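Asks: Turn this into a structure:
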Amino acid sequence: MSEKITPYKNSTLGKKEQVAQMFDTISGNYDNLNRVISFGIDVKWRKKVLKIVSDSKPKTILDIATGTGDLAILMAQSNAEKIIGLDISAGMLEVGRKKIEEKKLSDRIELILGDSESMPFEDNYFDAITVGFGVRNFEHLEKGFAEILRVLKPNGVFVILETSVPDKTPYKQGYRFYTKNILPMIGKLFSKDNSAYGYLSESAAAFPYGEALNNILRKIGFINVVAKPQTFGVATIYSASKK
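Replies: Numbering: from 1, shown residues only. As a prediction, this is how the structure comes out:
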């Protein structure tokens, strides 16, 4: 179902190319948008991801769909020696590199342009892998997860932070109203690309979450799969590992 949701309805490009085009377009305003649409709570969620990853004491970390590098930069608070951020949007990476240089983290963090479904890394390479608000943008979800499993070391940790849909009243109704009516309005304030913010809302609503996503991870071969809803269920942190 998630694969049918694309940013531009009339485009002849595939989802992957459309997503790259969309994020290139909104890259300059993306960080500000994130803070506004989540009321800044996304910072708290990311810190929880950092704790899960840090507890595993990784030396190498891969942050997929790194965007402007927020999560990769946060991972520098761990003791990891090398952090690589991967994304298909050159525009987002350009913003991220400037942030990394300003924070003097270029010796530890490297951002590279690449496809999560076909990554240029050896098998069993990373101790930890993260994806923050990115798995719903995968063109082929199971293929992306299989590739992540391939490059993750045995006993390595995989952590996802992704939007989800509250299933309890009144949070469910409030979430639907916000994403359908308020989010597109906020998007218009940050970018002329109205399609982008409609897509962000639609893809979040259509994407599998909770136990549905847990089952996909187990099907691919991940173990110790756990989902922890955040802030009334508007986001979920998933953790898993490799045999």
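Asks: any idea what sits nearest L86, other than its immediate chain neighbours?
Replies: G114 (4.7 Å; C-beta to C-beta, 6 or more residues apart in numbering). For glycine as for every other residue, the C-beta is placed from the backbone atoms N, C-alpha and C.
Asks: Output the lowest mean pLDDT helix or strand found in the protein.
Replies: Across the helices and strands of the chain, mean pLDDT, DSSP states H and E gives its lowest value to helix 183-190, namely a mean of 74.
Asks: hang on, the earlier thing: phi, psi for the residue nearest to L86 please.
Replies: Backbone torsions of G114, given as degrees, to the nearest 10, read phi -170, psi 170.
Asks: cool, S239 as well?
Replies: phi -130, psi 150.
Asks: what does E162 give?
Replies: According to degrees, to the nearest 10, E162 has phi -150, psi 150.
Asks: Verify the stated contact: it with S203.
Replies: No. E162 is beyond contact range of S203, at 10.3 Å (criterion: C-beta atoms under 8 Å).
Asks: And the helices in this protein?
Replies: Applying DSSP state H to the chain gives helices spanning 15-26, 30-37, 41-55, 70-75, 90-102, 141-151, 171-177, 183-190, 194-206, 211-220.
Asks: Nearest to I61, out of those helices?
Replies: helix 70-75 (5.1 Å; C-beta to C-beta).
Asks: what residues does the closest one touch?
Replies: With contacts defined as C-beta atoms under 8 Å, 6 or more residues apart in numbering, helix 70-75 is touched by 31, 34, 46-47, 49-50, 53, 61, 63, 66, 83-85, 96, 99-100, 103, 105, 109, 111, 130, 132, 161.
Asks: quick revisit: just the C-alphas of the least confident helix or strand of the chain, formatted as PDB.
Replies: Output in PDB follows, covering the C-alpha atoms of helix 183-190 (Å, rounded to 0.1, in the frame of the first residue of the first chain):
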ATOM      1  CA  LEU A 183       0.000  19.900   8.100                       C
ATOM      2  CA  PRO A 184      -0.600  21.000   4.500                       C
ATOM      3  CA  MET A 185      -1.100  24.600   5.700                       C
ATOM      4  CA  ILE A 186       2.100  24.600   7.600                       C
ATOM      5  CA  GLY A 187       3.800  23.100   4.500                       C
ATOM      6  CA  LYS A 188       2.700  26.000   2.300                       C
ATOM      7  CA  LEU A 189       4.400  28.400   4.700                       C
ATOM      8  CA  PHE A 190       7.700  26.600   4.200                       C
END
